[in-house]
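S.K.: here is my input; please provide its structure:
(chains A and B)
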Number of protein chains: 2
Amino acid sequence: MTDTITIIGSGNMARGIATRAVAAGRAVQILSRDETTAAALATELGASVTSAAIALPFAGELAGDIVVLAVPYDAARELVVGLGSALVGKTVIDISNPIDFATFDSLTVAPGTSAAEELAELAAPGVNIVKAFNTTFAGPLAAGAVDGTPLDVFIAGESQSAKDAVASFVTDAALRPLDVGPLRRARELEGFQLLIMTLQVNPAHASFNWNTAVNVLV
Amino acid sequence: MTDTITIIGSGNMARGIATRAVAAGRAVQILSRDETTAAALATELGASVTSAAIALPFAGELAGDIVVLAVPYDAARELVVGLGSALVGKTVIDISNPIDFATFDSLTVAPGTSAAEELAELAAPGVNIVKAFNTTFAGPLAAGAVDGTPLDVFIAGESQSAKDAVASFVTDAALRPLDVGPLRRARELEGFQLLIMTLQVNPAHASFNWNTAVNVLV
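M.R.: The predicted structure is shown next:
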């Protein structure tokens, strides 16, 4: 596959997903408000990765049919609004976990909804929001596996073709896609990742240091 | 350990947990409204297992310091009320998943709470409700492992000593206990198990046939 994947952001999750995209044989476009960091990441990842600065509102075109919002939830909200029609027809991956990082005790979205659903509400018609990669930490993503087991990538969304595009990318990246149904399943994915994150910051689980992965044994 | 574990219920989950309790070297008391089924299960599991009929309201004593409510959520509500003071001072394990089994699309408790928290509200003061075993299906529990990996048992509750008692049982049963914090984490445990159950009934996941297990790779 030579389909391009656009990744917006240049932090650890951008690095992890970009690493897997390169492993999948995809071209990668990294866009960031921080042009220097984006360029450094592109250089680190090799010739199939380009970078550019991005500013909102955005009037240009995005290279990828898949666009990964590799930023925190609040920034994802700004991107969905500020990118406007540039996202129409795209498969837009929301990786965010709307967690109160001061307490690690609650979500910042209301019970009965999810970050992914809130983003879908903000997005223009024709933007296909897909929840994925919110349960995969950056380090394990860059490695592709934990303890020899390829990561599970839980995928939720309304558009089957968009979810299939994400599943294809995930499979090509040597990870296991698990289509978990409609976008509202993001509620459970975000909730469970809150629980998983609490384990990372709990001294009782000393071996959990942002290096775990949720796996479905079968 | 010869501490007795009381299991209320005589269905598949009762069988799975009782099997692990026997493996842990515990004496087991199985109580059920269906005396015949309880007796058959006790006979199946061997000499360390006794059975008896139970009716509500209940005025007797329960043998175990740990009492497992191995019944559906609605029945667990009736038990917590009907057992009354017999549960005081006990570690009471809520295994339930309050799921709309007609649709497999939603929980039957309101957003922002959980079955475990609702049971704690119903219980008498001094009853230590602990959420555990809600993410372990009956078949894998009876086997103890899936694909060679011991099951993870997620444990949430307010009483640290009660959670430690459950963790000790889980460890003795050759499973891995994961203390995930306060009882409100049951929200995320119940939500995620809804998602996991939807995978079992989805023809797209043909290999998932109530035989999977949620595992935290590290």
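
S.K.: quick one: contacts for the residue most central in space within chain A?
M.R.: Nearest to the geometric centre of chain A sits A:Ile95, at 3.1 Å (CA atoms, centre = their mean). When contacts are counted by CB atoms under 8 Å, 6 or more residues apart in numbering or on different chains, A:Ile95 touches A:13, A:17, A:68-70, A:132-134. C-beta coordinates here come from the backbone N, C-alpha and C atoms, glycine included.

S.K.: the helix ranked longest in chain A near chain B at all?
M.R.: Criterion DSSP state H: the longest helix present in chain A is helix A:186-200. Yes: interface with chain B: helix A:186-200 contributes A:187-189, A:191-192, A:194-196, A:198-199 (CB under 8 Å from any CB of the partner chain).

S.K.: quick one on the thing from earlier: gap between the residue nearest to the centre of chain A and A:Met197?
M.R.: Distance of A:Ile95 to A:Met197, computed by CB to CB, to the nearest Å: 14 Å.

S.K.: then A:Asn211?
M.R.: Applying CB to CB to A:Asn211 and A:Met197 gives a distance of 12 Å.

S.K.: so for the two, which residue has more residues nearby?
M.R.: A:Met197 (19 against 16; other CB atoms under 10 Å in any protein chain shown).

S.K.: wait, isn't the more buried one in contact with A:Ile99?
M.R.: Yes: using CB atoms under 8 Å, A:Met197 is in contact with A:Ile99, at 6.3 Å.

S.K.: picking up where we left off before, need the buried ones from the contacts of A:Ile95 selected in ChimeraX.
M.R.: ChimeraX command restricting those to the buried ones, with burial defined by 16 or more other CB atoms under 10 Å in any protein chain shown:
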select /A:13,17,68,69,70,132,133,134
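
S.K.: if we can go back for a sec, next, the angle from the helix or strand just after the longest helix of chain A to helix B:186-200.
M.R.: Sequence order places strand A:213-217 as the next helix or strand after helix A:186-200, per DSSP states H and E. Counting by axes from the mean of the first three to the mean of the last three CA atoms, to 10 degrees, strand A:213-217 lies at 40 degrees to helix B:186-200.

S.K.: for strand A:213-217, packing partners?
M.R.: Helices and strands touching strand A:213-217, by 3 or more CB pairs under 8 Å, 6 or more residues apart in numbering or on different chains; DSSP states H and E, are strand A:152-157, helix A:186-200, strand B:213-217.

S.K.: nearest to A:Val218, of those?
M.R.: strand B:213-217 (8.0 Å; CB to CB).

S.K.: how much does the closest one deviate in direction from strand B:152-157?
M.R.: 90 degrees.

S.K.: grab the CA positions of strand B:213-217 and hand them over as CSV.
M.R.: Extracted as CSV, the C-alpha positions of strand B:213-217 are listed here (Å, rounded to 0.1, in the frame of the first residue of the first chain):
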residue,chain,number,x,y,z
ALA,B,213,-10.6,-13.1,28.3
VAL,B,214,-9.5,-9.5,28.8
ASN,B,215,-5.8,-9.4,29.6
VAL,B,216,-3.4,-6.7,30.5
LEU,B,217,-0.1,-7.4,28.7
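
S.K.: how about the residues of chain A near chain B?
M.R.: A:110-112, A:146-147, A:149, A:154, A:178-181, A:185, A:187-189, A:191-192, A:194-196, A:198-199, A:202, A:204-205, A:207-208, A:211-218.
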